[in-house]
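>>> structure here, sequence nowhere to be found:
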């Protein structure tokens, strides 16, 4: 499974030549990590990221912090994710 994930990274690096800052590279690495972890947990990446972008803002308190225990429900291995986050394909 890890070799398969690296293949996507190798193919994608041709598209990443336009990343010209450290922050841009870090942002790309974060998105790549979220995407591959979602795939490894048999999630539909589109619906999982949509769920994250919907739920994360609601967890931020008035000081801009998120309580770590609340993040557990958003992890790709969480059993409390909505049904549409799960991929229909089998691994």
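Here it is on my side, so go on. Since this is a predicted model, take the numbers as computed values, not measurements. Numbering: from 1, shown residues only.

>>> nearest spatial neighbour of the residue nearest the centre of the chain, chain-adjacent residues omitted?
By CA atoms, centre = their mean, the mean C-alpha position of the chain lies nearest to residue 34, the distance being 2.3 Å. Nearest residue to residue 34, sequence neighbours excluded (CB to CB, 6 or more residues apart in numbering): residue 49, at 6.9 Å. C-beta here means a position set from N, CA and C on the backbone, and glycine is covered the same way.

>>> give me the phi and psi angles of the one you found.
Backbone torsions of residue 49, given as degrees, to the nearest 10, read phi -70, psi -40.

>>> what distance do you get for it to residue 39?
Separation of residue 49 from residue 39 (CB to CB, to the nearest Å): 12 Å.

>>> looking at those two, which has the bigger crowd around it?
residue 39 (20 against 16; other CB atoms under 10 Å).

>>> got a list of what the residue nearest to the more buried one when sequence neighbours are not counted touches?
Once flanking residues are discounted, residue 39 sits nearest to residue 45: 6.3 Å by CB to CB, 6+ apart. Applying CB atoms under 8 Å, 6 or more residues apart in numbering, we find residue 45 in contact with 35, 38-39.

>>> and residue 45, how far from residue 29?
Applying CB to CB to residue 45 and residue 29 gives a distance of 16 Å.
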